[in-house]
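**Student:** predicted model follows, preceded by the sequence.
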Amino acid sequence: MVKFGTGGWRSIIGDEFTKANVCLVAQSLANIMMIEDVVNKGFVIGYDRRFLSDKASKWFAEVLAGNGIKVSFIDKFVPTPIVMHKAKAMGTIYSACITASHNPSDYNGIKVFIEGGRDADEIITEKIETQIEAINSADIQALDFEKAVEDGQIVVINPMNEFVDSVLDLLDVEAIKQANLRVLIDPMFGVAKNALQTVLITGRCDVDVINDGENPAFGGLMPSPSAATLYQLKHLVVAKGYDIGVGTDGDADRIGIIDEKGNFVHPNEVLILLYYYLIKYKKQSGSVVRNIATTHILDKIAADHGQKSFEVPVGFKHISSQMEADDSLIGGESSGGLTIRGHIKGKDSVFAASLLVEMIAVTGKKISELLEEIYDIYGYSYTAEGDCTFKAEQKEVIYNKVYVEKQLPEFQYDIERVSYADGLKVYFKNGGWVIARFSGTEPLLRIFSEMESQTIAEGIVNQVKSFLAL
């Protein structure tokens, strides 16, 4: 069964991720485009480096072409942000990328984008699922890929240069050139290297790359940049004297940063660094949008500069929608995805990493120094995380206990309020919080807590785990 979550449809290869299901998704989108009379707007499709992504993108394109939809087909693996950028530039109503993002290597999937190159919302994904239920294999129309190219129904494109130029246009390239910075990139066997390396070398940075090349197993690690998976990057940044280490996930929309001392910079800290830099040093203005599991220090920075902050549910589509509604300056999430006004309407690790390099160059300060500056002003907070697997029969028990019976652990901190808008979030009167919610992309219960110290935050997470018998 094809079911879309917060980050598209993702399933295990050979189980639910099959040629038949990929074609079902493509046919459902073709049907929607015909119903909405937007076939003439065309369709952009790209793919990442995962096993079957290249083939699946062709299966997808063949179905669209078979339904009379002109397809702009990106002819080699690229970051998801490039697909979104090209869709925005071409004015397509729908586009897609074959990727399972940061999921384990035995997964693949499809991210669908809507007008402006933005993540599809629930309205669209529900339409796709409804169409799929009504389609059988005889309804699927397809045109052989080579024949479709020959007929002009599929046009092979390479928008890498356009994307790189758009990133460079948003950067202070001259400041970066003057700084002579050394950058180490870990694309985690994903797709970030070409675009990010090109941007940074244009800025005359000294750039090296590890963990590149064809590796469908992602080196045996989850292609998700975290303190645990970036251990090689952490060691080499210090050992070789780099100014910054940049890790990116499988499709290059999420970022993980290592500072000059070899410390993992939490995605929450990446967000506060960039928002603070844009507001304080670049003298820009605008609100910030974060999801419910992301640091509240952003709220403090916004208030200090007379700006608004918005809290939205998990799923980048909610962030991009709210950013558009308020013309926000920056939006992001604690899982490493962010975007900035004037760029694409989705996550982009290439631009985020490049802007961090600019930040070091313009301020003349190391990442650790800038973080210390921020914490001196706004106070320190630590975010603890806990992902819990569970058996199928446990999910209903957990759901009933938390969301139906609305039971809570006996916290030692006074509670200000409780929200069930997206999972369970408890706001404490001391400014801390804890959230527990089911993942929209994996069979996990995710628990996050932000408190004034690591010990307290981790204690809160463990208390919730014990309460739910996980």
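**Tutor:** Received, thanks. Computed from a predicted model, the values in this text were never measured in an experiment.
**Student:** wait, Gly213 touches Gly190, no?
**Tutor:** No: if you go by C-beta atoms under 8 Å, Gly213 and Gly190 don't touch, sitting 10.8 Å apart. All C-beta spots, glycine's among them, are computed from the backbone N, C-alpha and C.
**Student:** these two - which one has more neighbours?
**Tutor:** Between Gly213 and Gly190, Gly190 has the larger neighbour count (other C-beta atoms under 10 Å), namely 30 against 10.
**Student:** can you list the domain ranges for this protein.
**Tutor:** Domain ranges of the chain: 9-158, 163-284+338-375, 382-467, per automatic domain parsing.
**Student:** would TSV of the ones you listed with mean pLDDT and distance to Thr294 be doable?
**Tutor:** Shown next, in TSV, are the domains of the chain (pLDDT from 0 to 100; distance: least, C-beta to C-beta, whole Å):
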stretch	mean pLDDT	distance to Thr294
domain 9-158	96	17
domain 163-284+338-375	96	6
domain 382-467	92	9
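**Student:** Glu311 is nearest to which of the ones you listed?
**Tutor:** Glu311 sits nearest to domain 382-467 of all the domains of the chain, at 8.8 Å, using C-beta to C-beta.
**Student:** would you pull up how far the closest one lies from the middle of the chain?
**Tutor:** Taking C-alpha atoms, centre = their mean, to the nearest Å, one finds domain 382-467 lying 22 Å from the centre of the chain it belongs to.
**Student:** got the buried residues for stretch 326-337?
**Tutor:** Buried positions in stretch 326-337, judged by neighbour count with 16 or more other C-beta atoms under 10 Å: 328-337.
**Student:** pLDDT (mean, whole number) over that stretch?
**Tutor:** Stretch 326-337 shows a mean pLDDT of 93 in the predicted model.
**Student:** Arg182 touches Val237, doesn't it?
**Tutor:** No: at 9.1 Å, Arg182 does not count as touching Val237 under the criterion of C-beta under 8 Å.
**Student:** neighbour count: the two, which is higher?
**Tutor:** Between Arg182 and Val237, Val237 has the larger neighbour count (other C-beta under 10 Å), namely 26 against 17.
**Student:** immediately after the helix or strand containing the more buried one, which helix or strand?
**Tutor:** Assigned by DSSP states H and E, Val237 falls within helix 231-240. For helix 231-240, the following helix or strand on the C-terminal side (DSSP H and E) is strand 244-248.
**Student:** which strands border that following strand, and is each parallel or antiparallel?
**Tutor:** Using DSSP bridges, the strands paired with strand 244-248 are strand 182-186 (parallel), strand 255-258 (antiparallel).
**Student:** by how many degrees do it and helix 231-240 diverge?
**Tutor:** Comparing the axes of strand 244-248 and helix 231-240 via axes from the mean of the first three to the mean of the last three C-alpha atoms, to 10 degrees yields an angle of 160 degrees.
**Student:** now do the helices in the stretch 101-250 of the chain.
**Tutor:** Using DSSP state H, counting those that start in this stretch, the helices of the stretch 101-250 of the chain run over 122-134, 145-151, 160-169, 173-179, 193-202, 231-240.
**Student:** which residue is the nearest non-sequential neighbour of the spatially most central residue of the chain?
**Tutor:** Computing the C-alpha centroid of the chain and ranking residues by C-alpha atoms, centre = their mean puts Gly337 first, at 3.9 Å. Ranked by C-beta to C-beta, 6 or more residues apart in numbering and with sequence neighbours excluded, the top spatial neighbour of Gly337 is Lys347, at 3.4 Å.
**Student:** about what we covered before: other SSEs contacting the helix holding Val237?
**Tutor:** With contacts defined as 3 or more C-beta pairs under 8 Å, 6 or more residues apart in numbering; DSSP states H and E, helix 231-240 has these neighbours: strand 182-186, strand 244-248, strand 255-258.
**Student:** coming back round to it: Met323: which of the domains of the chain is closest?
**Tutor:** domain 163-284+338-375 (7.1 Å).
**Student:** how far away from the center of its chain is that closest one?
**Tutor:** Distance, centroid of domain 163-284+338-375 to centroid of chain: 14 Å (C-alpha atoms, centre = their mean).
**Student:** then stretch 127-146?
**Tutor:** Its chain's C-alpha centre and that of stretch 127-146 lie 28 Å apart, by C-alpha atoms, centre = their mean.
**Student:** in it, what's buried?
**Tutor:** 127-129, 131-132, 135, 140-143, 145.
**Student:** for stretch 74-84, same thing?
**Tutor:** For stretch 74-84, a neighbour-count test (16+ other C-beta under 10 Å) marks 74, 77-84 as buried.
**Student:** need the residues you listed in CSV (columns: secondary structure and distance to Cys23).
**Tutor:** Formatted as CSV, those follow (DSSP: H, G, I helix; E, B strand; the rest coil; distance: C-beta to C-beta, whole Å):
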residue, secondary structure, distance to Cys23
Ile74, strand, 19
Phe77, coil, 21
Val78, coil, 22
Pro79, coil, 25
Thr80, helix, 21
Pro81, helix, 26
Ile82, helix, 24
Val83, helix, 19
Met84, helix, 23
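**Student:** pick the most buried one from the helices and strands packed on helix 231-240.
**Tutor:** Comparing these by mean neighbour count (mean count of other C-beta atoms under 10 Å), strand 244-248 ranks first with a mean of 30.
**Student:** give me the contacts around it.
**Tutor:** Residues outside strand 244-248 that contact it (C-beta atoms under 8 Å, 6 or more residues apart in numbering): 79, 181, 183-188, 190, 192, 196, 225, 229-230, 233-234, 236-237, 254-260, 349-350, 353, 356-357, 360, 367.
**Student:** go again with 7 Å.
**Tutor:** Contact with strand 244-248 is made by 183-188, 190, 192, 196, 225, 230, 233, 237, 254-260, 349, 353, 356-357, 360, 367, as judged by C-beta atoms under 7 Å, 6 or more residues apart in numbering.
**Student:** mind checking the end-to-end distance for stretch 181-201?
**Tutor:** Stretch 181-201 has an end-to-end distance of 10 Å (C-alpha to C-alpha, to the nearest Å).
**Student:** now do stretch 225-244
**Tutor:** In stretch 225-244, first residue to last residue: 14 Å (C-alpha to C-alpha).
**Student:** buried ones in that stretch, by neighbour count?
**Tutor:** For stretch 225-244, by 16+ other C-beta under 10 Å, it's 225-226, 229-230, 232-234, 236-237, 242-244.
**Student:** then stretch 14-34?
**Tutor:** Judged by neighbour count using 16+ other C-beta under 10 Å, the buried positions of stretch 14-34 are 16-18, 21-33.
**Student:** which ones among the residues you listed lie within helices?
**Tutor:** Of the buried residues of stretch 14-34, the ones assigned to helices by DSSP state H are 21-33.
**Student:** of all those residues, which two lie farthest apart?
**Tutor:** That would be Asn21 and Met33, which, of these, are the farthest apart (C-beta to C-beta) at 18.9 Å.
**Student:** starting at the chain centroid, how far to stretch 153-169?
**Tutor:** Stretch 153-169 has its C-alpha centroid displaced from the chain centroid by 20 Å (C-alpha atoms, centre = their mean).
**Student:** contacts for it, please.
**Tutor:** 61, 65, 70-76, 78, 82, 85-86, 89, 143, 145, 148-149, 194-195, 198-199, 202, 350-351, 354.
**Student:** swap the cut-off to 8 Å and go again
**Tutor:** Counting by C-beta under 8 Å, 6+ apart, 61, 65, 68-76, 78, 81-82, 85-86, 89, 143, 145, 148-149, 194-195, 198-199, 202, 343, 350-351, 354 sit against stretch 153-169.
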